[in-house]
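1. below is the sequence, then the predicted model.
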Amino acid sequence: MSKYYYNKVTYCAFLGRKSWIQMKYREPGVLLWRGFTLQEFANQLFGNKMDYGKGRQMPIHYGSNRLNYFTVSSPIATQLPQAVGAAYSLKMEKKDACAITYISDGGTSEGDFHAALNFAAVTEAPVVFFCRINGWAISTPTTEQFRSDGVVTRGQAYGIRSIRVDGNDTLAVYSAVHAAREIAITEGRPILIEAMTYRVGHHSTSDDSTKYRPADEIEHWRTSRDPISRYRKWVQGNGWWCDAEETELRNNVRQELLQAIQVAERIPKHGLTELFTDVYDQVPSNLREQQRSLLDSIQKHPSDYPTDVPV
Ligand SMILES: Cc1ncc(C[n+]2csc(CCOP(=O)(O)OP(=O)(O)O)c2C)c(N)n1
């Protein structure tokens, strides 16, 4: 990758290392940008001894103390009130930083979304709510999610300045986040970004989205509105990127990924007893009881349990 291009973009995307991030499950790109290595990703996916969550989270529920990146919240929208609390503490400590939290259209119907917005508005917490409107919450379209004019109007209703942006335009998103961060920190208040986009892929590997939406709709977004092609055109037009560099990058990343997976696969897992640690200072009697019962069950039915997890 051209050094000039890389430096320019890393500088541009800089959210501020001191800012805290509370994400949902679609933000590994943010984590990668901050410096989480491919090996760290692979370690989490395999839940091995090097995984910071000690194998206790589902795959893709990354987290990093070093990078101020809170562990992914699986229950939709729970990360929002947490982000407001984190932002408020940054404000109390007079830190030159804000919190940013992510949500999609489905999450905006959760009570936590509304509680967080109101809480942020009245405490004037420096938090950026990044709402990615990707059209579908699994099979529920936005038309069945809300009747308001998207989410910017909801932000405004709570007294939060709100920006709507083309979520498929990388530079526009960068500009919006940059402006939002400045406002959050210098003016000490929340701000909401509504990024309009579309989920081209299936919701997950167990989903077949052609069962609930027309294939030509997907195709339209995949071909005519693809944000990656659009961004590629811009960097290539400026002479910062060419097809040969892309091929080289893709090949190198594929190699690095395979290597990271092979290494992660060989690292042993944590012992099962780790399931019961790290919540209480002293493991309480009810958890000790559950631990005993688990060990008994493993002894009685060893074939029902994985052999690569030490007890
Ligand atoms: C509180 C809660 N309810 C239901 C689910 C199951 N669930 C997982 S993803 C999902 C859809 C979320 O849609 P959206 O918020 O639009 O996010 P997207 O996947 O489109 O980014 C649902 C209902 C959950 N994780 N948490």
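-> Structure's in. What do you need? Numbers count the residues shown, from 1 in each chain.

2. need the residues of the stretch 151-300 of the chain near the ligand, please.
-> Contact residues (C-beta under 6 Å from any ligand atom) of the stretch 151-300 of the chain with the ligand: 199, 203. C-beta here means a position set from N, CA and C on the backbone, and glycine is covered the same way.

3. break down the stretch 151-300 of the chain into its helices, ranges please.
-> Along the stretch 151-300 of the chain, the stretches classed as helices by DSSP state H, counting those that start in this stretch are 152-157, 170-187, 215-224, 227-237, 243-266, 285-300.

4. relative to A99, which of these is closest?
-> Across the helices of the stretch 151-300 of the chain, A99 has its closest neighbour in helix 170-187 (8.3 Å, C-beta to C-beta).

5. what is the mean pLDDT for that closest one?
-> Helix 170-187 shows a mean pLDDT of 95.

6. adding mean neighbour count, write the helices of the stretch 151-300 of the chain out as TSV.
-> Below are the helices of the stretch 151-300 of the chain laid out as TSV (neighbours: other C-beta atoms under 10 Å):
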stretch	mean neighbour count
helix 152-157	17
helix 170-187	17
helix 215-224	12
helix 227-237	14
helix 243-266	12
helix 285-300	12
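
7. can you add distance to Q145 and give these back as JSON lines?
-> Formatted as JSON lines, the helices of the stretch 151-300 of the chain follow (distance: least, C-beta to C-beta, whole Å):
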{"stretch": "helix 152-157", "distance to Q145": "12"}
{"stretch": "helix 170-187", "distance to Q145": "21"}
{"stretch": "helix 215-224", "distance to Q145": "17"}
{"stretch": "helix 227-237", "distance to Q145": "22"}
{"stretch": "helix 243-266", "distance to Q145": "35"}
{"stretch": "helix 285-300", "distance to Q145": "39"}
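
8. buried residues, the host helix or strand of W33. List them.
-> Assigned by DSSP states H and E, W33 belongs to helix 28-34. For helix 28-34, burial by neighbour count (16 or more other C-beta atoms under 10 Å) applies to 30-31, 34.
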